[in-house]
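Participant: One predicted model, sequence on top.
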Amino acid sequence: MKILKTGLGFLLSFSLLSSSLVAKELVKNEPYLELEQAAAGIAYTSDKRLFITYHPFYNPKIKVAERLNNGDIVPFPSAEMQTAYKADGSLKNPGDYLNWVLSSRTDGKGTLWILDSGQAEPRITPKLVAWDLKKNQLKKVIYLPEGVTLKESQHNDFAISTKHNLIVISDEGIAAGPIGDKAALVVINTETGLSRRVLQGNHSVMPNMKMPMLMDKNTPFEKSVDLFIGVDGIALDKQQQWLYFTTVNHTKVYRINIAELADFSQNSVTLAAKVEEYADKPMNGGLTIDSAGNLYLCEIGTRTIGVIPADTRQYKEFTSNENMVWPDGLNAGPDGFLYTSAAQVSLSPAFNNGKALNKPPYIIYRFEPLAKPLMGR
């Protein structure tokens, strides 16, 4: 691990953004770890094991890695699980490798859950991989079959409820194009493996088609992109009662009692009536919550993390850094910090007429939340 003394030098000219932040009293953040590849997120355990998911947008050879105590970063759970092919060139069983991974989470009980959306060629059935960290062995694989998964499915992030033996996944619905009009929540019982798709078409998970993606606001690379992403951010509170979720191209945070989702006898129409509007928000991706119920959001178009305090439900900027380009996932560490990865997606060739403005190092930042963070959230 290397703590950075300076930021991304090629972005230091973005004085417009930094000057606009001077007058605001924001919480300090610090660069924590530099990587040669962009990370989508991290998963930290209570015994300080650090897992990294490399951003699938860049088609990385290593999908998931662990940073060891000596600072080395190694493929996890093995190098063999990072490739689809055997030594003789034949294709492996889809359960024997990782294909397209954005998120991983720990459940606080010794299991690392890895969400594989299966979108890379050759495409495979999406799955959840549960890895027993204590025994260092595969615990189970839960597949997300046709019907639960659509051709449009892009499984982004998930929340774990050990109380209800439930995992809820946010499916952005943009795997087949730039409009996430098939977005939904995917609910899985982790004991039985039973899964289903809910709330598809409901306004709470759908993008606002009048809100195109604004990237790199107040910088020389500011741009508006016709990309409309469905439900993305997802977080479960300390009591495992309220599940909060946000759509990228939308101005509202919604929530539902997770016990309602755990009841598989309820259909989407019944569940839709139980979704509550919680607060206003800007365009955001990553979402997490602390032990006091304060929500933290990664603003997509800026280099800012915002907060919705539980007492006011009024969004405000919380921490920012001109070099924190495209903060992605938000994850808690055992040291009282929240962590976010600057994936530089907005500087990639796809959004800059084929020109790569993104470059290493890719930075993971950390900052102190208002209250104790929740491990695995």
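Facilitator: Looks like it came in fine.
Participant: can you give me the strands in the stretch 101-250 of the chain?
Facilitator: 101-106, 111-116, 127-132, 137-143, 155-161, 166-171, 184-189, 195-198, 213-215, 223-225, 231-236, 242-247 (DSSP state E, counting those that start in this stretch).
Participant: so what's residue 249 up against?
Facilitator: Residues counted as contacts of residue 249 (CB atoms under 8 Å, 6 or more residues apart in numbering) are 207, 208, 209, 211, 212, 213, 227, 228, 229, 283. For the C-beta atoms, the positions are set from N, CA and C on the backbone; glycine is no exception.
Participant: who wins for most neighbours among the residues you listed?
Facilitator: Highest neighbour count within these, by other CB atoms under 10 Å: residue 207, with 28 neighbours.
Participant: And it, what's its pLDDT?
Facilitator: Residue 207 carries a pLDDT score of 98 in this model.
Participant: ok, now how distant is it from residue 310?
Facilitator: Going from residue 207 to residue 310 by CB to CB, to the nearest Å gives 26 Å.
Participant: now swap in residue 225 and tell me
Facilitator: Taking CB to CB as the measure, residue 225 falls 33 Å from residue 310.
Participant: hang on, the earlier thing: may I see the strands of the stretch 101-250 of the chain arranged in JSON lines, with mean pLDDT as well?
Facilitator: Below are the strands of the stretch 101-250 of the chain laid out as JSON lines (pLDDT from 0 to 100):
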{"stretch": "strand 101-106", "mean pLDDT": "97"}
{"stretch": "strand 111-116", "mean pLDDT": "98"}
{"stretch": "strand 127-132", "mean pLDDT": "98"}
{"stretch": "strand 137-143", "mean pLDDT": "97"}
{"stretch": "strand 155-161", "mean pLDDT": "98"}
{"stretch": "strand 166-171", "mean pLDDT": "98"}
{"stretch": "strand 184-189", "mean pLDDT": "98"}
{"stretch": "strand 195-198", "mean pLDDT": "98"}
{"stretch": "strand 213-215", "mean pLDDT": "94"}
{"stretch": "strand 223-225", "mean pLDDT": "95"}
{"stretch": "strand 231-236", "mean pLDDT": "98"}
{"stretch": "strand 242-247", "mean pLDDT": "98"}
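Participant: Those strands into JSON lines, with extra columns for distance to residue 273?
Facilitator: Formatted as JSON lines, the strands of the stretch 101-250 of the chain follow (distance: least, CB to CB, whole Å):
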{"stretch": "strand 101-106", "distance to residue 273": "29"}
{"stretch": "strand 111-116", "distance to residue 273": "28"}
{"stretch": "strand 127-132", "distance to residue 273": "28"}
{"stretch": "strand 137-143", "distance to residue 273": "28"}
{"stretch": "strand 155-161", "distance to residue 273": "21"}
{"stretch": "strand 166-171", "distance to residue 273": "18"}
{"stretch": "strand 184-189", "distance to residue 273": "15"}
{"stretch": "strand 195-198", "distance to residue 273": "12"}
{"stretch": "strand 213-215", "distance to residue 273": "30"}
{"stretch": "strand 223-225", "distance to residue 273": "34"}
{"stretch": "strand 231-236", "distance to residue 273": "18"}
{"stretch": "strand 242-247", "distance to residue 273": "16"}
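Participant: Out of those, which is closest to residue 37?
Facilitator: strand 101-106 (12.8 Å; CB to CB).
Participant: quick one, helices of the stretch 201-350 of the chain?
Facilitator: Secondary structure of the stretch 201-350 of the chain (DSSP state H, counting those that start in this stretch): helices at 258-262, 268-272.
Participant: Residues contacting the last one, please?
Facilitator: Counting by CB under 8 Å, 6+ apart, helix 268-272 makes contact with 198, 199, 200, 201, 202, 204, 256, 260, 261, all of which sit outside it.
Participant: Go again with 7 Å.
Facilitator: The contact list for helix 268-272 (CB atoms under 7 Å, 6 or more residues apart in numbering) reads 198, 199, 200, 202, 256, 260.
Participant: Filter those down to the buried ones.
Facilitator: The neighbour count (16 or more other CB atoms under 10 Å) marks 198, 199, 200, 202, 256 as buried among these.
Participant: Adding distance to residue 341, write the residues you listed out as TSV.
Facilitator: Converted to TSV, the buried ones among the contacts of helix 268-272 look like this (distance: CB to CB, whole Å):
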residue	distance to residue 341
198	29
199	28
200	29
202	30
256	28
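Participant: Out of those residues, which is nearest to residue 152?
Facilitator: Relative to residue 152, and with distances defined as CB to CB, the nearest of those is residue 200, at 10.0 Å.
Participant: dump the residue contacts of that closest one.
Facilitator: Contacts for residue 200 (CB under 7 Å, 6+ apart) come out as 182, 183, 184, 268.
Participant: Just the pLDDT at it, thanks.
Facilitator: pLDDT recorded at residue 200 is 98.
Participant: With residue 23 instead?
Facilitator: pLDDT for residue 23: 42.
Participant: If you drop the residues flanking it in sequence, what lies closest to residue 94?
Facilitator: residue 124 (3.9 Å; CB to CB, 6 or more residues apart in numbering).
Participant: neighbours around the one you found, how many?
Facilitator: Using other CB under 10 Å: residue 124 sits among 22 other residues.
Participant: Is it in contact with residue 98, as I believe?
Facilitator: No - using CB atoms under 7 Å, residue 124 makes no contact with residue 98, being 9.9 Å away.
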